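**Q** show me the folded form of this:
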Amino acid sequence: MTQSPIRARDLGVPFDGTPGEFNAITDVPGVEVGMVTLVHDGDPAASGSASKPARTGVTAILPRGRDGVGVPCAAGTYSLNGNGELTGRTWIDEVGALSLPIAITNSHSVGAVHQGVDEWVHRTHPEVSAQWMLPIVGETWDGYLNEINAQHVTAAHAGEALDAAAGGPVAEGNVGGGTGMNCYGFKGGTGTASRVVRDGTGDGAAQYAVGALVQANFGERSELRLAGRLLGRESTAPKPIEDTDWFERDGERARRSRPGAGSVIVVIATDAPLLPGQCEALARRVPLGLARTGTAGSHFSGDIFLAFSTANPGSITSRFTDLDAAGPLPVERLEFLPWGRIDQLCTATVEAVEEAVANALVAARDMVGREGHASYALPHDEVRAAFDAPAVHAAG
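**A** Alright, predicted model coming up:
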């Protein structure tokens, strides 16, 4: 994937911590990300979804890469506000592990993507699909720009996103599941960042990566701040998503859209050896990173977070076994950092989430969608001016 040529750091925004090579969730070894982006204005001569505008897509994450599907990762979840969906969450909460791909899309395409992940796993890993499958599919609402009820996203698109999954740089902004999303009254979308954590000193020190990927579709314009600067209140960019009666015109009589309504899905990955409860502790730190960007959390926002560890392959399994087999009962072992040593990972999570949101905003571009609805990107010159940064010109 091609990463945005300009990211938040390039505009002078200061961030704490040390990023990994790509400053992306893929800095965690083995993690792969793929996307399908659907942008078209529809064909009036066509029928069904093909006649409607599309501004949507799918983002797929393979925690252990293509070859690691079915190998569990310790995992935990946290919901700041439950006006949203993350399928497979009850099983993660039950056993503390996930072993299938993670996908993020729009609110009305969860079913299609869930089916698509099932079909992809059956095609690529039939030994895994022989038992039950509980894919993890999250969503945020893109109905301002996208004709969300046209069901543009199909099961096949989910498979294409998984087939495209790779390591390295991760595309940001108007891509994948984040294509039609809005954040803080600006154009939002997909963003990512990472931090490198060193545990211990000397030759015996260990180094771990913590990566975050966000699908940012939340927040009110007046809330936005980057590194403490009140960029939202000071911006001169239009904000039609907050200022017009488009929601009422669309059929919700006597109702207006609420600034700040939306959602955010955040996925945290690390290669540090953790217990499921420690993964949940990282997921609980995600709101602290979001709060650094200004949000107080909205009742109309689905804010759901997932964290997993790629350490300990082969542990926390859950499969049918031969209960009549001779010999002792099998025992699994799990290595983990002491609870007193995870503070750096908590800090890294907060820092990576904050920067991932900023990267989503900086990478996003102006977009016009259905019914002429427009969403305007955070102006780069306003960010540079806020931090006294010189202009950066992207190559090409």
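**Q** use CA for all of it now, contacts and neighbours both
**A** Noted.
**Q** with just CA atoms, put the biggest helix by length in the chain into CSV.
**A** Selection of the longest helix in the chain by residue count, based on DSSP state H, yields helix 343-363. Provided in CSV are the C-alpha atoms of helix 343-363 (Å, rounded to 0.1, in the frame of the first residue of the first chain):
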residue,chain,number,x,y,z
ASP,A,343,3.2,0.8,32.0
GLN,A,344,5.4,1.6,29.0
LEU,A,345,2.9,-0.4,26.8
CYS,A,346,0.0,1.6,28.2
THR,A,347,1.9,4.9,27.4
ALA,A,348,2.7,3.6,23.9
THR,A,349,-0.9,2.8,23.3
VAL,A,350,-2.0,6.3,24.2
GLU,A,351,0.7,7.9,22.1
ALA,A,352,0.0,5.7,19.1
VAL,A,353,-3.8,6.3,19.2
GLU,A,354,-3.3,10.1,19.4
GLU,A,355,-1.0,10.1,16.4
ALA,A,356,-3.1,7.7,14.4
VAL,A,357,-6.1,10.0,14.6
ALA,A,358,-4.0,12.9,13.5
ASN,A,359,-2.6,10.9,10.6
ALA,A,360,-6.2,10.1,9.5
LEU,A,361,-7.1,13.8,9.5
VAL,A,362,-4.0,14.9,7.7
ALA,A,363,-4.1,12.2,5.0
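**Q** and it, how far out from the chain's middle?
**A** 12 Å (Cα atoms, centre = their mean, to the nearest Å).
**Q** quick one: contacts of the helix or strand harbouring V110?
**A** Here V110, judged by DSSP states H and E, is contained in helix 110-124. Helix 110-124 has contacts (Cα atoms under 8 Å, 6 or more residues apart in numbering) with 58, 69, 101, 103, 105, 128-130, 133, 135-139, 153-159, 162.
**Q** out of those residues, list just those in helices.
**A** Per DSSP H, the contacts of helix 110-124 map to helices at V128, S129, A155, A156, H157, A158, G159, L162.
**Q** surely the first one is in contact with V71?
**A** In this case it means V128. No. Counting by Cα atoms under 8 Å, V128 stays clear of V71, with 9.4 Å between them.
**Q** which among the contacts of helix 110-124 end up buried?
**A** By the neighbour-count criterion of 16 or more other Cα atoms under 10 Å, the contacts of helix 110-124 include these buried positions: 58, 69, 101, 103, 105, 128-129, 133, 135-139, 153-159, 162.
**Q** name the next helix or strand downstream of the helix-or-strand element of the chain with minimal mean pLDDT, please.
**A** Of all helical and strand segments in the chain, the minimum by mean pLDDT, DSSP states H and E falls on helix 246-249, at a mean of 65. Later in the chain than helix 246-249, the nearest helix or strand by DSSP H and E is strand 260-270.
**Q** still on that earlier bit, buried residues in the helix holding V110, which are they?
**A** Per 16+ other Cα under 10 Å, helix 110-124 contains these buried residues: V110, A112, V113, H114, Q115, G116, V117, D118, E119, W120, V121.
**Q** what's the farthest-apart pair in the residues you listed?
**A** The largest separation in the buried residues of helix 110-124, counting by Cα to Cα, is between V110 and V121 at 16.5 Å.
**Q** and the helices in the chain?
**A** Under DSSP H, the chain gives helices at 89-95, 110-124, 126-129, 155-163, 231-234, 240-243, 246-249, 276-292, 343-363, 380-387.
**Q** right, and E139 touches G82 too?
**A** No. With contact defined as Cα under 8 Å, E139 does not reach G82; the gap is 11.7 Å.
**Q** quick check, nearest of the buried residues of helix 110-124 to D303?
**A** V110 (15.9 Å).
**Q** just the angle for the longest helix of the chain relative to helix 380-387, thanks.
**A** 130 degrees (axes from the mean of the first three to the mean of the last three Cα atoms, to 10 degrees).
**Q** please enumerate the strands of the stretch 51-200 of the chain.
**A** Applying DSSP state E, counting those that start in this stretch to the stretch 51-200 of the chain gives strands spanning 54-62, 73-82, 97-98, 102-106, 136-140, 182-183, 186-187, 189-199.
**Q** other SSEs contacting the fourth one?
**A** What that stands for is strand 102-106. strand 54-62, strand 136-140 (3 or more Cα pairs under 8 Å, 6 or more residues apart in numbering; DSSP states H and E).
**Q** what's the answer for the first one, then?
**A** Identification of packing neighbours for strand 54-62 by 3+ Cα pairs under 8 Å, 6+ apart yields strand 32-40, strand 102-106, helix 155-163.
**Q** apply 6 Å and report the result again.
**A** Contact analysis of strand 54-62 by 3 or more Cα pairs under 6 Å, 6 or more residues apart in numbering; DSSP states H and E lists strand 32-40, strand 102-106 as its packing neighbours.
**Q** need these in CSV (columns: mean pLDDT and distance to R233).
**A** Output for those, formatted as CSV (pLDDT from 0 to 100; distance: least, Cα to Cα, whole Å):
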stretch, mean pLDDT, distance to R233
strand 32-40, 98, 30
strand 102-106, 98, 28
